[in-house]
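A.B. asks: Turn this into a structure:
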Amino acid sequence: MRVHPAMDWKYHFTINVFDCRAWDITAEEYLTEDFVLKNSDGTEVCGHEEAWAAFKGLYENFTAHTHESHGLIVVENG
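C.D. replies: From the prediction side, this is the model:
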């Protein structure tokens, strides 16, 4: 377990989804309905279903790679 809850979530997300190529897991299992994915080019994908599809598009081609989370930016809206 990671010390900060956000890092712990990210660790499990990368291991259980990205590294296992588990795109059949539902978006609701990891993302809230108001989830926003902010891409490196500044574009945003709003909504958990839309973001889930975008994650798949970004990561499904990296079949020879696994991840080790070492940083995370979290922004709280509201």
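A.B. asks: use CA for all of it now, contacts and neighbours both
C.D. replies: Fine.
A.B. asks: and the longest helix seen in the chain, what does it pack onto?
C.D. replies: In terms of residue count, the longest helix belonging to the chain (DSSP state H) is helix 48-59. Using 3 or more Cα pairs under 8 Å, 6 or more residues apart in numbering; DSSP states H and E as the contact criterion, the secondary-structure elements in contact with helix 48-59 are strand 36-38.
A.B. asks: Check which residues of the strand it packs on are buried.
C.D. replies: The neighbour-count check on strand 36-38 (16 or more other Cα atoms under 10 Å) flags Leu37 as buried.
A.B. asks: Pull the residues that contact it.
C.D. replies: Contact with strand 36-38 is made by 44-48, 51, as judged by Cα atoms under 8 Å, 6 or more residues apart in numbering.
A.B. asks: partner strands of it, parallel or antiparallel?
C.D. replies: Using DSSP bridges, the strands paired with strand 36-38 are strand 44-46 (antiparallel).
A.B. asks: State the mean pLDDT of the strand it pairs with.
C.D. replies: The average of the pLDDT scores along strand 44-46 is 97.
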